[in-house]
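Q: With the sequence up front, the predicted model follows.
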Amino acid sequence: MFWKLRGKAFDENKGEANRQMQKSVVDSGTVPGLLAYEGDQPIGWIAVEPRGVYPRLAHSRVLQPVDAQPVWSVTCFFVDKKYRRRGVTVSLLKAAVEYVRSKGGRIVEGYPIDSDGKSADIFVYTGTASAFQKAGFKEVARHSPKRPIFRFVIAS
């Protein structure tokens, strides 16, 4: 819910309230992202929706729109600790591209950290630049030294 709530709204709803808001989104039939499984066990998550769903992005100086094209945004990941550094994030990104393609989207955009592997896992919830590169995304803008904007343009 971080990207969907601006300013104090996220902080005021930390914990259970934010979980309930996310549950309400899912219960409404909206698909806010995709899950990765190992067998029947969920091991990872990627949030991907049209950029307009994320008001916090609209007001970010660092993540301002690159252009006026409609994009789907990848805003966060979670990978179970036992499955990190095994390519789950790259697989989730590729699945997100296919999901967006199935919905008629043309561009998938992400806002990873470019940390050269020196950030603690907790700080890479938006993904790493290297994972986006491995999934075929290209850097299209950088308004901050550590926060590039990556895109995958879906071929017609």
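A: Received it, and whenever you're ready, just let me know what you need. This is a predicted model, so every value here is computed, not measured.

Q: What distance do you get for residue 87 to residue 50?
A: The gap separating residue 87 from residue 50 is 27 Å, by Cβ to Cβ, to the nearest Å. C-beta: built from backbone N, CA, C; applies to glycine.

Q: and what of residue 64?
A: Note on residue 64: its distance to residue 50, by Cβ to Cβ, is 16 Å.

Q: next one: residue 106
A: Distance from residue 106 to residue 50, by Cβ to Cβ: 11 Å.

Q: Quick check: neighbours shared by the two?
A: Taking Cβ atoms under 8 Å, 6 or more residues apart in numbering as the criterion, residue 106 and residue 50 both touch residue 70.

Q: So what are the sheet partners of the helix or strand harbouring residue 73 and their directions?
A: Here residue 73, judged by DSSP states H and E, is contained in strand 72-79. The strands beside strand 72-79 in its sheet (DSSP bridges) come out as strand 41-50 (antiparallel), strand 107-110 (parallel).

Q: Can you list the low-confidence ranges for this protein?
A: 1-7, 9-13, 15, 17-18, 116-123 (pLDDT under 70).
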